[in-house]
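Here is the input, now give the coordinates:
(chains A and B)
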Amino acid sequence: AQSVTQPDIHITVSEGASLELRCNYSYGATPYLFWYVQSPGQGLQLLLKYFSGDTLVQGIKGFEAEFKRSQSSFNLRKPSVHWSDAAEYFCAVGGPGTYKYIFGTGTRLKVLA
Amino acid sequence: DSGVTQTPKHLITATGQRVTLRCSPRSGDLSVYWYQQSLDQGLQFLIQYYNGEERAKGNILERFSAQQFPDLHSELNLSSLELGDSALYFCASSGLAGENRPGELFFGEGSRLTVL
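The predicted structure follows:
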């Protein structure tokens, strides 16, 4: 069955520190992978996506993610976190021939000044 | 602004009632998705329409139904409401990304439903 696991429900980092949010997926075919961010009271906004090709993808707001097929992972990273990055982050998986995006349960990021 | 419009933003109703949530997709997007976000269940896919036809179904209860109209707006109907239906309901739209890929989802700001 298709699934996405985000093992960290909450993460707290200091402003300026590096960040890595974990995402593991289970998918029977080549996955399409996404990271979305949700600020309080807002809808979800796409940070980045992976369809094929280079396994390191760059997104908006200085985020990047690396697809590792052998580990079924698509972890999100940022070298230096800003206070405005405090939000909830969702990993999602889809794929060719399916129109169902499966979302993880989210990781809530808190940034300390 | 994602270009996806959802109404109403907030809705409070009683158990047993019926409500309709409305979604207008981004201009040109043919696909509309409905998701339910609750604290204990995360973001759950409910249903997807493409150009007026149901394309995929997720964990949608029989008490819930949806449709997409010729002008591409969509409505999600929730009936015989229960306390557990209280949640944030998101609509998202997408176009095609080529090669039969699902396109990027653009989310509305959601409709917060409270069932008392």
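
Summarise which helices and strands the helix or strand bottoming out on mean pLDDT in chain A is packed against.
Here the helix or strand of chain A ranked lowest by mean pLDDT, DSSP states H and E is strand A:102-103, holding a mean of 90. Using 3 or more Cβ pairs under 8 Å, 6 or more residues apart in numbering or on different chains; DSSP states H and E as the contact test, the elements touching strand A:102-103 are strand A:3-5, strand A:87-94, strand B:42-50. All C-beta spots, glycine's among them, are computed from the backbone N, C-alpha and C.

Pick out the residue closest to the middle of chain A.
Nearest to the mean C-alpha position of chain A, counting by Cα atoms, centre = their mean, stands residue A:35 at 3.6 Å.

Quick check: which element contains the residue lying closest to that one once chain neighbours are set aside?
Closest residue in space to residue A:35, ignoring its immediate chain neighbours: residue A:47 at 4.4 Å, by Cβ to Cβ, 6 or more residues apart in numbering or on different chains. Using DSSP states H and E, residue A:47 maps to strand A:44-50.

in its sheet, what does whichever helix or strand comes after that strand sit against?
Downstream of strand A:44-50, the next assigned helix or strand under DSSP H and E is strand A:56-58. If you go by DSSP bridges, strand A:56-58 pairs up with strand A:64-68 (antiparallel).

roughly how far is the partner strand from the heart of the chain?
Taking the mean of its C-alpha atoms, strand A:64-68 sits 9 Å from the chain's own mean (Cα atoms, centre = their mean, to the nearest Å).

That strand: which residues count as buried?
A:64, A:65, A:66, A:67 (16 or more other Cβ atoms under 10 Å in any protein chain shown).

any idea how far residue B:51 lies from chain A?
Per Cβ to the nearest Cβ, to the nearest Å, residue B:51 is found 12 Å from chain A.

What's the local residue count around residue A:86?
Here the count is done by other Cβ atoms under 10 Å in any protein chain shown, and residue A:86 has 17 residues near it.

Phi first, then psi, for it.
phi -60, psi 120 (degrees, to the nearest 10).

circling back to that earlier point, quick check, distance from the least confident helix or strand of chain A to the centre of its chain.
The answer for strand A:102-103 is 11 Å, by Cα atoms, centre = their mean.

Run me through the strand neighbours of that strand, direction for each.
strand A:87-94 (antiparallel).

which residues sit against the strand it pairs with?
Defining contact as Cβ atoms under 8 Å, 6 or more residues apart in numbering or on different chains, one finds that strand A:87-94 is touched by A:2, A:4, A:6, A:21, A:23, A:25, A:27, A:31-40, A:44, A:47, A:74, A:76, A:100-104, A:106-109, B:43, B:102.
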